[in-house]
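Fold the following.
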Amino acid sequence: MTDLTATDVEAPTPPHALTVVAPAGIPEVNEGADLAGLLLAALDPTDGDIVVVTSKVVAKQEGRVRTGDRSAAVAEETARVVARRGSTTIVRNRLGLTLAAAGVDASNVEHGRIVLLPVDPDASARRLRAEVWRRAGVNVGVVITDTAGRAWRIGQTDQAVGAAGVRVIESFAGRIDPYGNPLAVTAPAVADELAGAAELTQGKLSGRPIALVRGRSDLVLPVEEDGPGATALVREPAGDLFGYGAREAVIRALAGVDADRVGFGAPASPDELIDALVRVLGPDAVDRNDRSSDDEPADRERVATVSVTGPADAVAAVAFAHGWAAQPDSRSDSWLLAPLSD
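Numbers count the residues shown, from 1 in each chain. Now for the predicted structure:
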């Protein structure tokens, strides 16, 4: 994963006006189409503009359209199931994106056909940017978008799945707000904001898959720099607090399958694990004071022996969900706990 501190530069104050244009009349795009030529003719970009293109158009141009079973394509694109509710399946796909049906779509395409996401949207964005520069000598940023739902929110919006020549995230950490408060974690995902702004002009049914955003040249990188791409916006599994949906998490924790560990993130601290065991089994079931290790002092946060009374399945599931393994200690009525990553 790209180190986002590379974007922690003091950016100029953004302008107060933004222009977004999504022209009509874009012809149907098929495999091998001249996408750079289409957008140059339709948009007439200048240095500092940001070109926003839907992933579906890029996928069509790259031959990612097929006839066949959508469920089979979803399975191919899926790295891990995150949640299921009835016919809806949310997955983390091979690009690391968490999307319904892995991003496989059957809309805005001929009946009976499906469209998969581009193989490498960041690479697609780099190629398109380079071709615009080669033909027109214009330094633009490129953002490739796809539609996604959001946890806790109704409806969908567009987000960046590919990017080149664009600062995809800004860090305000260490800056001071107008009231004198230091900002700690504020980091606008500007590539996603650009995607959402473009979608407002493109729409879903109007046949406007290409848009131009003007007014944020401060986000466009020098022509020799493509930047980290939209991949930099994908949270690493170890830091993901929502690797599974509520129902799926219960099932995975109880099943305790080794391959499912990644969805629960990095191992929790021993104190977090003990607190969770107390919540599940009750305060009298766990002896908080009985924590010991035969290892060196530096290793005492890595292995803990805890006296626990309660159902073995419950202890094992709670430990698994917190990134720990629980094994009965044959020497006493206790459990030996150790981080699974070790």
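
Pairing partners for the strand ranked longest in the chain, with directions?
Counting residues, the longest strand found in the chain (DSSP state E) is strand 153-164. Paired neighbours of strand 153-164 in the sheet (DSSP bridges): strand 141-150 (antiparallel).

Tell me the buried residues in the strand it pairs with?
Neighbour-count burial for strand 141-150 flags 141-148 (criterion: 16 or more other Cβ atoms under 10 Å). (C-beta placed from N, C-alpha, C; glycine too.)

so which of those residues would you say is closest to residue 103?
When these are compared for distance to residue 103 (Cβ to Cβ), residue 146 wins out at 6.0 Å.

just checking, the closest one touches residue 156?
No - here residue 146 does not reach residue 156: they are 9.9 Å apart, not a contact under Cβ atoms under 8 Å.

Does residue 263 touch residue 242 like I think?
No - using Cβ under 8 Å, residue 263 makes no contact with residue 242, being 9.3 Å away.

Of the two, which one has the most company?
Using other Cβ atoms under 10 Å as the criterion, residue 263 and residue 242 rank with residue 263 on top: 21 against 15.

Is it correct that the more buried one falls within a helix?
Yes - the assignment for residue 263 is a helix, going by DSSP: H, G, I helix; E, B strand; the rest coil.

What distance do you get for it to residue 245?
From residue 263 across to residue 245, the span is 10 Å (Cβ to Cβ, to the nearest Å).

list residues touching both of the two?
Here residue 263 and residue 245 have residue 82 as joint contacts, going by Cβ atoms under 8 Å, 6 or more residues apart in numbering.

And the helices in the stretch 1-150 of the chain?
Using DSSP state H, counting those that start in this stretch, the helices of the stretch 1-150 of the chain run over residues 35-43, 55-61, 70-77, 121-136.

nearest to residue 172, of the ones you listed?
When those are compared by Cβ to Cβ, helix 121-136 sits nearest residue 172, at 24.3 Å.

Now do the helix or strand just after the longest strand of the chain: distance to the chain's middle.
Next helix or strand after strand 153-164 toward the C-terminus (DSSP states H and E): helix 190-202. Chain-centre distance of helix 190-202: 17 Å, with Cα atoms, centre = their mean, to the nearest Å.

Same check on stretch 71-84?
15 Å.

just to revisit the earlier point, tabulate the helices of the stretch 1-150 of the chain in CSV, adding columns for distance to residue 210 and mean pLDDT.
CSV is the format used below for the helices of the stretch 1-150 of the chain (distance: least, Cβ to Cβ, whole Å; pLDDT from 0 to 100):
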stretch, distance to residue 210, mean pLDDT
helix 35-43, 5, 95
helix 55-61, 7, 96
helix 70-77, 25, 93
helix 121-136, 10, 98
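
For those, please prepare CSV with the additional fields distance to residue 161.
Listed next are the helices of the stretch 1-150 of the chain as CSV, based on distance: least, Cβ to Cβ, whole Å:
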stretch, distance to residue 161
helix 35-43, 16
helix 55-61, 6
helix 70-77, 13
helix 121-136, 5
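
most neighbours per residue, which of those helices?
Ranked by mean neighbour count, the helices of the stretch 1-150 of the chain are led by helix 55-61 with a mean of 24 (mean count of other Cβ atoms under 10 Å).

Tell me the helices and strands packed up against that helix.
If you count contacts as 3 or more Cβ pairs under 8 Å, 6 or more residues apart in numbering; DSSP states H and E, helix 55-61 packs onto helix 35-43, strand 113-115, helix 121-136, strand 141-150, strand 153-164.
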